[in-house]
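S.K.: Give me coordinates for this.
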Amino acid sequence: MILDIEKSLPIVERALQSATERSALLVIGEVSPPRPSLDNLEVLLKQIIDRSKFDGLTEMFILDLEKREELNFAYERGVSYDPGISFTAASTIKIPIMTSVFRRLEEPTPQTAADLMIKMVERSENPPADTLMEVFLDPNIGPIFITQDMQEIGLQNTFLAGHFYLGAPLLQRYSTPANQRFDYTTDPDVYNQTTTTDLGMLLDDIYQCAQTGGGTFAAVYGDAISQSECQLIITYLTQNKIAVLLQAGLPDGTNFGHKHGWITEGDGLIHSILDAGIVFSPSSDYIVVIAMYQPTQLIFDVANLLAAQLSTAIYNYFNIS
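M.R.: Residues are numbered from 1 along each chain as shown. As a prediction, this is how the structure comes out:
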């Protein structure tokens with residue numbers, strides 16, 4: 001409730017000027033309460049993590065695409081770490097692959113490339129990713145091109161150092177600010193790494209390009225990636241419907257363009273899971289990235305439930321007053 005000063009002022013003036021009617025009924029209006037701050041959201045998300053059964057590291061990046069406000073934190077069992085920890089990128093590296101391929105494609109998109117991207121993103125198949133790099137980038141060192149493209153737009157912690165196929169040679173070893181940290185390590189794969197911030201910033205670049213044709217892509221890549229191509233990247237991401245992780249926490253029908261990633265590592269277990277995407281919601285579009293790590297074994301059902309609960313809380317923050 002709030003006092004409507006403009007409507008109340010004449011009523012007060014009449015009461016002051018009257019010899020008999022000295023009372024005034026002020027006009028009160030109803031207003032929606034302001035949205036809590038991102039600091040409030042961080043507290044809530046950490047409380048959800050504390051109540052969950054997940055006992056590993058959770059790092060999140062959230063960007064309000066309307067207000068341009070962001071939240072980034074890393075948290076494990078009551079302890080906060082500086083965000084920007086390096087994770088095995090797994091299949092989330094396919095977002096950079098799409099970006100690099102579109103940078104070099106002529107429009108309209110060749111059907112061969114379109115078919116391969118659908119298989120790479122929607123079905124999360126690895127051979128199409130290798131074929132895209134070999135055919136449209138370079139037969140041997142396509143991954144190096146992708147890494148260079150990411151570095152050009154300021155993503156210093158994201159790289160791909162080899163193809164996906166079994167036995168693929170490691171083309172180069174990369175030292176990054178994220179994987180040179182001493183306070184925390186997720187033992188990331190030497191073949192592909194990223195951070196929640198890098199993934200979030202890349203999705204933001206794609207979003208801005210799709211909305212206006214401008215942004216970082218236009219400044220760095222010129223006209224190599226068009227607005228329509230960025231829109232097509234988002235279309236492919238929205239076709240990735242897995243009904244788990246972040247998507248599981250969104251209302252049915254929510255338009256969500258994302259790529260998830262996890263791998264079974266050398267010990268036969270999962271240790272890291274990532275999910276990164278753009279949520280197109282009624283009140284505001286936003287980017288959300290989650291990365292989870294457990295050094296002994298990441299239990300999928302536990303991590304999946306937590307990711308869904310966090311996703312629901314974030315959606316409600318942006319859409320429920």
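
S.K.: and the gap between Leu202 and Ile278?
M.R.: 11 Å (CB to CB, to the nearest Å). Backbone N, C-alpha and C define where each C-beta goes, glycine included.

S.K.: again with Asn126
M.R.: The gap separating Asn126 from Ile278 is 23 Å, by CB to CB.

S.K.: And the two? Which one has more around it.
M.R.: More crowded of Asn126 and Ile278, by other CB atoms under 10 Å: Ile278, with 24 against 17.

S.K.: quick one: the more buried one from Leu269, how far?
M.R.: Noted for Ile278: a distance of 30 Å to Leu269, by CB to CB.

S.K.: Repeat that for Ser284.
M.R.: Noted for Ser284: a distance of 38 Å to Leu269, by CB to CB.

S.K.: just Asp115 next, same as before
M.R.: According to CB to CB, Asp115 stands 33 Å off from Leu269.

S.K.: The host helix or strand of Phe73 pairs with which strands, and in what direction?
M.R.: Phe73 is part of strand 70-76, with elements assigned from DSSP states H and E. Applying DSSP bridges to the sheet, strand 70-76 is found paired with strand 57-64 (antiparallel), strand 79-81 (antiparallel).

S.K.: Contacts for it next, please.
M.R.: With contact meaning CB atoms under 8 Å, 6 or more residues apart in numbering, strand 70-76 is reached by 38, 41-42, 45-46, 49, 56-64, 80-85, 184, 196-197, 200.

S.K.: number of nearby residues for Pro254?
M.R.: No Pro there; residue 254 is Thr. Burial of Thr254 is recorded as 15 neighbouring residues (other CB under 10 Å).

S.K.: Show the contacting residues for it.
M.R.: Thr254 sits in contact with 279-281, 315, where contact means CB under 8 Å, 6+ apart.

S.K.: per-residue confidence at it?
M.R.: pLDDT for Thr254: 97.

S.K.: for Met292, helix, strand, or coil?
M.R.: strand (DSSP: H, G, I helix; E, B strand; the rest coil).

S.K.: Report the rounded mean pLDDT for stretch 20-27.
M.R.: Averaging pLDDT along stretch 20-27 yields 72.

S.K.: list the buried ones in that stretch?
M.R.: Residues of stretch 20-27 classed as buried by neighbour count (16 or more other CB atoms under 10 Å): Ala24.

S.K.: swap in stretch 307-314?
M.R.: Of the residues in stretch 307-314, 307-312, 314 count as buried by neighbour count, 16+ other CB under 10 Å.

S.K.: ditto for stretch 121-129
M.R.: Neighbour counts using 16+ other CB under 10 Å place 121-122, 124-126, 128-129 of stretch 121-129 among the buried residues.

S.K.: Kindly report the same for stretch 153-169.
M.R.: Buried-residue list, stretch 153-169, by 16+ other CB under 10 Å: 153, 155, 157-164.

S.K.: before we move on, what about stretch 292-304?
M.R.: Counting neighbours by 16+ other CB under 10 Å, one finds that the buried residues in stretch 292-304 are 292-294, 298-299, 302-304.

S.K.: and those as CSV, adding pLDDT and distance to Asn179?
M.R.: Listed next are those as CSV, based on pLDDT from 0 to 100; distance: CB to CB, whole Å:
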residue, pLDDT, distance to Asn179
Met292, 98, 18
Tyr293, 98, 13
Gln294, 98, 19
Leu298, 98, 19
Ile299, 97, 25
Val302, 98, 26
Ala303, 98, 22
Asn304, 98, 26
